[in-house]
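> predicted structure and sequence below. I'll ask about it afterward.
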Amino acid sequence: MPRGGMHVWVRLPDGTDSDALAARALAAGVLVSSGTPWFPAEPDGAYLRLTYGETSVDQIDEGIRRLSRAM
C-alpha cells in the first residue's frame, strides 16, 4: 500500500505499447496515462501511471479487472 501520493507507476512487459494499452483501457472505461509523455528526454520504458486519489477500493478493484482484460 503506498504511503502517500496519488499515482502508482506500473512497469509493463518489454515490448508493450503503453499508448495502445492506455487507449484500450479507456475504451474499457478505465483512464490511465501512458508513460510515454513522462519520458521527454530519455528512452521511455513501457509504463502506465495509475492515479488513485479519491478513488474507492471498489472502483480500484473494478478498474484493475478492466485493465487486465485490456492487456
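Cool, the structure landed. Not measured: the values here are computed from a predicted model. Numbers count the residues shown, from 1 in each chain.
> check for me that residue 48 belongs to a helix.
No: counting by DSSP: H, G, I helix; E, B strand; the rest coil, residue 48 falls outside a helix, being strand.
> what number of residues lie near it?
21 (other Cβ atoms under 10 Å). Quick note: C-beta positions are derived from backbone N, CA and C, even for glycine.
> pLDDT at the residue lying farthest from the centre of the chain, what is it?
In the chain, the residue that sits farthest from the middle, by Cα atoms, centre = their mean, is residue 41; the gap is 20.6 Å. As predicted, residue 41 sits at a pLDDT of 77.
> quickly find the element holding it.
Residue 41 belongs to no helix or strand when elements are defined using DSSP states H and E.
> and it, how far is that from residue 25?
Residue 41 sits 26 Å away from residue 25, going by Cβ to Cβ, to the nearest Å.
> pretty sure residue 9 sits in a helix.
No: assessed with three-state DSSP, residue 9 is strand; it does not lie in a helix.
> residue 35 is in contact with that one, correct?
Yes: using Cβ atoms under 8 Å, residue 9 is in contact with residue 35, at 7.3 Å.
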